[in-house]
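1. Fold the following and give me the result.
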Amino acid sequence: MSYRAPTAGIILAGGSSTRFGRPKQLLKLRGKYLLEYVLNTALESKLNHVVLVLGHEHQKILQTLGNCTTHERLQLVINHHYLEGQSRSLKAGLLKIRDTFPAVMFLLGDQPMLDSNTIDHMLDKFRHSDKDICVPVCNGKRRSPAIFNRVFFDQLMEIEGDIGARDIIRANPDRVLCVEMNNPLCFVDIDSQQDFENFQLLLD
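-> Numbering: from 1, shown residues only. The predicted structure is shown next:
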């Protein structure tokens, strides 16, 4: 299983939150910043290394997060081309680990209820399978985060625009391990003010 471990995590948090109107990374939820939840979860998990990709308002975000960004397993990457879409953050992170780690998990910076147990469960399932991609499935829908081994790194580096790796996943169904999950709240992402307000109501 050496080509499936160790595994690096890449947190995609470089976007300008156009639909939201202000940086989602700095939204506060129960006293913590949205990005802080995801970052802490990744560092609490069994991911061997974590890359945080920032872009829009990166200086303000780093200042706000403070000591959260000094963890020994954390590497910071600034994507200055964030206006070109999520693919640039994906590739900026992948460039930092592709020669060192044989597998990568891509995490979104706006899933505050993702927990380390979910990440660890996916890592375990992936490492004991013969598949090259691993995704969680909840209520019949594919969710994020997703894991890829290095056989897909070149294809990931060719992605363009404001998309992630979903087209690669769709094009390779026989190489995808779907891991059933039963907690939909864990995979909620926040794209709009209405999403944020609805999410707060769920937690009340």
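
2. right, and the helix or strand after the helix or strand hosting residue 96?
-> If you go by DSSP states H and E, residue 96 is part of helix 86-97. Once the chain leaves helix 86-97, the next helix or strand it forms, by DSSP H and E, is strand 103-108.

3. average model confidence for the helix holding residue 96?
-> Averaged across helix 86-97, pLDDT comes to 95.

4. and it, what other elements does it pack with?
-> Judged by 3 or more C-beta pairs under 8 Å, 6 or more residues apart in numbering; DSSP states H and E, helix 86-97 is in contact with strand 7-13, strand 49-54, strand 74-78, strand 103-108, helix 153-156. Any C-beta I mention is one placed from the backbone N, CA and C, and that applies to glycine too.

5. So which of those is nearest residue 142?
-> Nearest of the helices and strands packed on helix 86-97 to residue 142, taken as C-beta to C-beta: strand 103-108 at 13.1 Å.

6. Residue 3 contacts residue 103, correct?
-> Yes - proximity of residue 3 to residue 103 meets the contact threshold set by C-beta atoms under 8 Å, at 7.4 Å.

7. Residues in contact with both of these two, list them for me.
-> Common neighbours of residue 3 and residue 103, using C-beta atoms under 8 Å, 6 or more residues apart in numbering, are 149-150.

8. Between those two, point out the one with more neighbours.
-> Legend: neighbour count by other C-beta atoms under 10 Å for residue 3 and residue 103, higher for residue 103 (26 against 11).

9. Identify the residues contacting that one.
-> Neighbours of residue 103 in contact, by C-beta under 8 Å, 6+ apart: 3-8, 126, 147-150.

10. what pairs with it across the strands?
-> For residue 103, the beta-bridge partners under DSSP bridges are residue 7, residue 149.

11. Grab the nearest non-local neighbour of residue 4.
-> Leaving aside its sequence neighbours, residue 4 sits nearest to residue 127 (C-beta to C-beta, 6 or more residues apart in numbering; 4.6 Å).

12. And the one you found, how far from residue 83?
-> Residue 127 sits 36 Å away from residue 83, going by C-beta to C-beta, to the nearest Å.

13. Same drill for those two, tell me which one is more crowded.
-> residue 127 (19 against 14).
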